[in-house]
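Novice: Okay, structure incoming, though there's no sequence with it:
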């Protein structure tokens, strides 16, 4: 299996493309906020978040035909327990936003259970608003015996304006498909206080500090009851056999108590085992995680995506519940942290997202962090022929084509790409400190000189600096002449660039952001990730 990135509704992708029992680990962070739509926010050059936004799940979690369809599909799915539980929830909650969310999640959870291997695990990341309902749903879909843990990840500090206990943690629900699941015990380093109090002895022999541990058996063991070098057997016997005791003694791992008179061995006290610090793995990790900070404004890995999770968080989950070469699935992959962590740790991966913007961001993230990484993208055009096909299949508004086209050059769809009058603007590309380029997309064969005239008028009206005409077909000679007549835009210290730039879709697909000429380092909507070492080569995966 190679790595796969899918654009589209994850329910459709799961149904049509993901086979039964094919995935080793699923992590999902489904969007839900009881007070707002799920928005992907962008910062303008001045830092104003509200200036532009993409509502990726606008109206998704409201009760309507789609929620009703999802509810009925669960009832007909054969998952009797899930159907019964969902009916009970509807009886209790009614047809409100929360119930719409639960119905939409329930039908997806049944498919996620289907694609998971018998040894597989699922981690569902959520906030306390819906975690209790989701836990009940997971019990119904996976079975009550499949619940393993509820992890609390401290993602922020307390808020001074909180009206009650400040919410500082997210919930991560951990379920497995069976009792025979993949598990690599995660361990954490001992605290300095623990080390200072426990590892206080050092013989100066180069082995380092050690602690003393009990050598007596906690349970009666008649075959372990013997005298050892003048020390009587403990009431329940020793922890080790005589042969093991001899080996430990020869290796210098047994500490013998000394008396205060001549410094000889005090046989009235029992010997103890030396446990050296450099041989210990660390303590077993618990379910309260406070050591992984969230993505803050200064974090090096921050890309500018508001719901971005730290790579370290996903690395911990993947390391515990999968092995190199395993398949990891994220059906709500957003900015791609899961697939980033999977690629870094030598796992194969499948990512799904419903926005062109997210898919474009993930492609850019992977290519910059792992140069030469191999993966397949489904549902978005990969060549010019597919671009023509997307334009032909799009509805009469051509909004999906426009959103995909502007994402090629890293621009933001104008006003979230919603249907309605756009004033001749399809995208917005900030650069410099306060500069902006406006994008107009043209997919049809009708290309006229006045299209360039209209774009010139738009950038004058909006007081923009540059206009980009993004066209599926080659521009005509009069169009090129009109663009050249618009003059140039210049900033002190930088070479001037054309004020009106005509870029073909073919050029944008090949050059991406480099297809647009700007006189100053652009203000990226999303920051570049650091380059990572691609560990898949050392694991010998078929990528």
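Specialist: Cool, got the structure. Source: prediction; values computed, not measured. Numbering: from 1, shown residues only.

Novice: Which secondary structure state does the closest residue to residue 228 other than its chain neighbours sit in?
Specialist: The shortest distance from residue 228 to any non-neighbouring residue, by Cβ to Cβ, 6 or more residues apart in numbering, is to residue 245 (5.8 Å). Every C-beta, even on glycine, is put in place using the N, C-alpha and C of the backbone. Using DSSP: H, G, I helix; E, B strand; the rest coil, the structure places residue 245 in helix.

Novice: Now for residue 245, how many residues are close by?
Specialist: Close neighbours of residue 245, defined as other Cβ atoms under 10 Å, add up to 21.

Novice: Surely it touches residue 233?
Specialist: No - assessed by Cβ atoms under 8 Å, residue 245 is found out of contact with residue 233, at 11.4 Å.

Novice: just checking, what packs against the helix or strand that contains residue 441?
Specialist: For residue 441, the host element (DSSP states H and E) is strand 435-442. Judged by 3 or more Cβ pairs under 8 Å, 6 or more residues apart in numbering; DSSP states H and E, strand 435-442 is in contact with helix 399-408, strand 427-431, helix 449-461, strand 466-471.

Novice: In CSV: the ones you listed, plus mean neighbour count.
Specialist: Supplementary listing: the helices and strands packed on strand 435-442 in CSV, determined by neighbours: other Cβ atoms under 10 Å:
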stretch, mean neighbour count
helix 399-408, 24
strand 427-431, 23
helix 449-461, 17
strand 466-471, 25
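
Novice: now for these, which one comes closest to residue 156?
Specialist: Shortest separation from residue 156 across the helices and strands packed on strand 435-442 is recorded for strand 427-431, at 27.5 Å, computed as Cβ to Cβ.

Novice: pLDDT (mean, whole number) over that closest one?
Specialist: Averaging pLDDT along strand 427-431 yields 89.

Novice: go on, stretch 26-34?
Specialist: Regarding stretch 26-34, the rounded mean pLDDT is 80.

Novice: Export the helices and strands packed on strand 435-442 as TSV, with columns for distance to residue 380.
Specialist: As requested, the helices and strands packed on strand 435-442 are exported to TSV (distance: least, Cβ to Cβ, whole Å):
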stretch	distance to residue 380
helix 399-408	6
strand 427-431	16
helix 449-461	25
strand 466-471	16
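
Novice: contacts for the strand ranked longest in the chain?
Specialist: Longest strand in the chain, counting residues (DSSP state E): strand 116-126. Contact partners of strand 116-126, identified using Cβ atoms under 8 Å, 6 or more residues apart in numbering, comprise 21-30, 32, 112-113, 134, 138, 142, 148, 151, 170-178, 180-182, 309, 317, 321-322.

Novice: Try it again at 7 Å.
Specialist: 21-29, 32, 112, 134, 138, 170-178, 180-182, 317, 321 (Cβ atoms under 7 Å, 6 or more residues apart in numbering).

Novice: swap in stretch 72-80?
Specialist: Contacting residues not belonging to stretch 72-80 are listed as 82, 83, 86, 106, 107, 110, 141 [Cβ under 7 Å, 6+ apart].

Novice: same question, stretch 19-30
Specialist: Looking at what lies outside stretch 19-30 - Cβ under 7 Å, 6+ apart - the contacts are 105, 112, 114-118, 120-125, 182, 309, 314, 317-318, 321-322, 326-332, 338.

Novice: go again using 6 Å as the cut-off
Specialist: For stretch 19-30, contacts defined as Cβ atoms under 6 Å, 6 or more residues apart in numbering pick out 112, 114-117, 120-125, 321-322, 326-332, 338.

Novice: now the end-to-end length of it.
Specialist: 21 Å (Cα to Cα, to the nearest Å).

Novice: And that stretch, what's buried?
Specialist: Neighbour counts over stretch 19-30 (16 or more other Cβ atoms under 10 Å) mark 23, 24, 25, 26, 27, 28, 29, 30 as buried.

Novice: The second one in helix, strand or coil?
Specialist: Classification of residue 24 by three-state DSSP places it in strand.

Novice: I'd like the distance from it to residue 317, if you could.
Specialist: Distance, residue 24 to residue 317, by Cβ to Cβ, to the nearest Å: 12 Å.

Novice: again, but for the last one
Specialist: Using Cβ to Cβ, we find residue 30 at a distance of 16 Å from residue 317.

Novice: before we move on, what about the fifth one?
Specialist: According to Cβ to Cβ, residue 27 and residue 317 sit 6 Å apart.

Novice: How about the third one?
Specialist: As for residue 25, its distance to residue 317 is 8 Å (criterion: Cβ to Cβ).

Novice: one step back: what is the helix or strand just after the longest strand of the chain packed up against?
Specialist: Heading C-terminal from strand 116-126, the first helix or strand you meet, by DSSP H and E, is helix 131-142. With contacts defined as 3 or more Cβ pairs under 6 Å, 6 or more residues apart in numbering; DSSP states H and E, helix 131-142 has these neighbours: helix 80-93, helix 97-115, strand 169-176.

Novice: so can I have JSON lines of the ones you listed showing mean neighbour count?
Specialist: Formatted as JSON lines, the helices and strands packed on helix 131-142 follow (neighbours: other Cβ under 10 Å):
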{"stretch": "helix 80-93", "mean neighbour count": "16"}
{"stretch": "helix 97-115", "mean neighbour count": "22"}
{"stretch": "strand 169-176", "mean neighbour count": "21"}
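
Novice: can you redo the ones you listed as JSON lines with distance to residue 466 and mean pLDDT?
Specialist: JSON lines is the format used below for the helices and strands packed on helix 131-142 (distance: least, Cβ to Cβ, whole Å; pLDDT from 0 to 100):
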{"stretch": "helix 80-93", "distance to residue 466": "50", "mean pLDDT": "95"}
{"stretch": "helix 97-115", "distance to residue 466": "41", "mean pLDDT": "95"}
{"stretch": "strand 169-176", "distance to residue 466": "41", "mean pLDDT": "95"}
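
Novice: now what about the strand holding residue 441, what contacts it?
Specialist: Here strand 435-442 makes contact (Cβ under 6 Å, 6+ apart) with 402, 405-406, 411, 425-427, 429-430, 455, 459, 464-471.

Novice: now do 7 Å
Specialist: Contacting residues not belonging to strand 435-442 are listed as 402, 405-406, 411, 424-431, 451, 455, 458-459, 462, 464-472, 516, 518 [Cβ under 7 Å, 6+ apart].

Novice: Please apply the same query to stretch 128-146.
Specialist: If you take Cβ under 7 Å, 6+ apart as the criterion, stretch 128-146 is touched by 32, 34, 79, 81-82, 85, 89, 98, 101-102, 105-106, 109-110, 113, 124, 126, 147, 167, 171, 173, 175-177.

Novice: pLDDT weak spots in the chain?
Specialist: By pLDDT under 70, the low-scoring segments of the chain are 1, 32-60, 261-262, 295-307, 396-397, 416-422, 520-528, 533-543.

Novice: Domain-wise, how is it divided?
Specialist: Listed by automatic domain parsing, the domain ranges of the chain are 4-187+285-378, 190-279, 384-515.

Novice: How far does the shortest one sit from its chain's centre?
Specialist: Distance of domain 190-279 from its chain centroid, counting by Cα atoms, centre = their mean, to the nearest Å, is 46 Å.

Novice: Does residue 4 touch residue 377 like I think?
Specialist: No - in this structure, residue 4 is not within contact of residue 377 by Cβ atoms under 7 Å, at 8.0 Å.

Novice: Now for residue 424, how many residues are close by?
Specialist: Neighbourhood size, residue 424 [other Cβ under 10 Å]: 17.

Novice: Spatially, which residue comes closest to it, not counting chain neighbours?
Specialist: Spatial nearest neighbour of residue 424, excluding adjacent residues (Cβ to Cβ, 6+ apart): residue 458 at 4.4 Å.

Novice: Good, wrapping up.
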